[in-house]
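> Here you go, sequence then predicted model.
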Amino acid sequence: MYRRYHELHRGVSWLLIALGIALVVTAVLMYLIRPRGLGGDPAWLLWPGVVFVTFGLARYMLTWAISRVAYVQCTPRNVKIQTPFMPVVFSYSRVIGTRPTNLSDVFSPKKQKGARRAMLEDLWGETVVVVDLKGYPVSRQLLRLIMPYLLTPSGAGFVLLVKDWMALNRQIAVYQERWRERTSKRASPVQQRY
């Protein structure tokens, strides 16, 4: 999802950079070859141009970094979703189950509006892994703020769009089964032989 976010905002960043360069070049040309009758200070174009270039580059680098930082990792103890802002970790005890499904089945295209629709538009046919949970590890409001496209619309759960959804689904199932085996061994009384 974060890579899609970068793709959507990349064009705006390049447009800001191009506009800034045009303003800087115009200011430099005005300074170098200013006709005598032309008044005004070229700095009025130079500084906004520098601001546009700086803002465009910063915006591009930020969205690029955000798209590269995010990942999902299964470990024997828990699942870690690394968002650009903070990791979200939940144990297998919270997992009710996983189900692969189309993104359009989770987020109905008819119900999406504006920026959210633009974000999801090219992804409707993609397969996602929905991890249904007993509850979120942190507050739902915080999760909505840092990862709005990763929460199921109803109930508690994460919508994980990864390159290899089959491998992720398999990993979660295997680790969850191992977790069940470990916890059932701890819960059952130890039998002693005489």
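Received it, and whenever you're ready, just let me know what you need. Numbering: from 1, shown residues only.
> is it fair to say residue 129 lies in a strand?
Yes: Residue 129: assigned to a strand according to DSSP: H, G, I helix; E, B strand; the rest coil.
> Please verify my assumption that it contacts residue 162.
Yes: here residue 129 reaches residue 162: they are 7.2 Å apart, a contact under C-beta atoms under 8 Å. (Each C-beta comes from the backbone N, C-alpha and C, glycine too.)
> mind listing the strands for this structure?
Secondary structure of the chain, counting by DSSP state E: strands at 71-74, 78-82, 87-91, 95-102, 127-133, 157-160.
> now for these, which one comes closest to residue 178?
strand 71-74 (10.6 Å; C-beta to C-beta).
> model confidence over that closest one, on average?
The pLDDT scores in strand 71-74 average 86.
> Now it: buried residues?
72, 74 (16 or more other C-beta atoms under 10 Å).
> Run through the neighbouring helices and strands of it.
strand 78-82, helix 165-187 (3 or more C-beta pairs under 8 Å, 6 or more residues apart in numbering; DSSP states H and E).
> Highest mean neighbour count out of those?
strand 78-82 (a mean of 18; mean count of other C-beta atoms under 10 Å).
> Need the residues that contact that one.
Under the criterion C-beta atoms under 8 Å, 6 or more residues apart in numbering, residues 69-74, 87-92, 95, 131, 147, 150, 158, 160, 172, 175 lie in contact with strand 78-82.
> where does this protein dip in pLDDT?
1-2, 4-8, 34-40, 115-116, 119, 186-194 (pLDDT under 70).
> Please parse it into its domains.
2-69, 71-187 (automatic domain parsing).
> Which helix in this protein has the most residues?
Secondary structure of the chain per DSSP state H: the longest helix is helix 2-32.
> Let's have the strands of the chain in TSV, adding distance to residue 46.
TSV is the format used below for those (distance: least, C-beta to C-beta, whole Å):
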stretch	distance to residue 46
strand 71-74	41
strand 78-82	41
strand 87-91	43
strand 95-102	51
strand 127-133	48
strand 157-160	46
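> Give me the distance between the residue nearest to residue 173 when sequence neighbours are not counted and residue 17.
Using C-beta to C-beta, 6 or more residues apart in numbering and skipping residues adjacent in sequence, the residue nearest residue 173 is residue 98, 6.6 Å away. For residue 98, the distance to residue 17 equals 42 Å [C-beta to C-beta, to the nearest Å].
> just residue 47 next, same as before
Counting by C-beta to C-beta - residue 47 and residue 17 are separated by 16 Å.
> got it, and residue 42?
Going from residue 42 to residue 17 by C-beta to C-beta gives 20 Å.
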